[in-house]
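S.K.: Sequence plus the predicted model coming up.
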Amino acid sequence: MKIIETKIPGLLIVKPDVFEDERGYFFESYNQDKFQRLGIDAIFVQDNESKSQKNVIRGLHFQKPPFAQGKLVRVMKGSVLDVAVDLRKGSPTFGQWDSIVLSESNKFMYWIPEGMAHGFRTLEDDTLFFYKCTHFYNKESEQALRWNDPYLNIDWQLTEPPILSDKDKLSPFFKDFVSPFEY
């Protein structure tokens, strides 16, 4: 297993060791001891899965403290453009975003620590997205930022209008956001 750092401190790409042969493949998607040795010292309490058609955008979601979540995300089928935005006051990358393509073929994972907004755009129909969370879902602490916020200027690589939930269409803009997160 290999960790690849991104431009945002703490936001990490996890590249698992994949063993392939004529039967298929095998890899450890999570091993607490290995993750701790690589610097991801998280205890996961909830797993989530979503299925989406091509060109769906989900996000940019997060939970505020004390229910903030770290997430280990991956794609089991299909592919996504996965995006994380740094919301931690005092961070050298506050208000900046980074992205990666996660797919069933590359098997990469993204470690998104607490203090980040998260979202993704599906690149294929019937994409299965899976994530492990460090805190339980809490509706009262759920928040979101507008997916197409002009300040954030995220390149979703769109060629047509995305499919969005009503909630994501109406999320607040970054300029109106007061961050509860510290770096």
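M.R.: Received, thanks.
S.K.: need the contact list for the residue sitting furthest away from the middle of the chain.
M.R.: Of all residues in the chain, Glu22 has its C-alpha farthest from the mean position, at 31.9 Å, by C-alpha atoms, centre = their mean. When the contact criterion is C-beta atoms under 8 Å, 6 or more residues apart in numbering, Glu22 has no partners at all. For glycine as for every other residue, the C-beta is placed from the backbone atoms N, C-alpha and C.
S.K.: Kindly provide the distance from it to Lys54.
M.R.: Glu22 sits 31 Å away from Lys54, going by C-beta to C-beta, to the nearest Å.
S.K.: Helix or strand: which one has the spatially most central residue of the chain?
M.R.: Centroid-nearest residue in the chain, with C-alpha atoms, centre = their mean: His118, separated by 4.5 Å. Here His118, judged by DSSP states H and E, is contained in strand 116-122.
S.K.: Tell me the strands beside that strand, with direction?
M.R.: According to DSSP bridges, strand 116-122 forms sheet pairs with strand 57-63 (antiparallel), strand 79-86 (antiparallel).
S.K.: Could you say which of the ones you listed is packed most deeply?
M.R.: strand 79-86 (a mean of 25; mean count of other C-beta atoms under 10 Å).
S.K.: mean confidence score for that one?
M.R.: Strand 79-86 comes out with an average pLDDT of 98.
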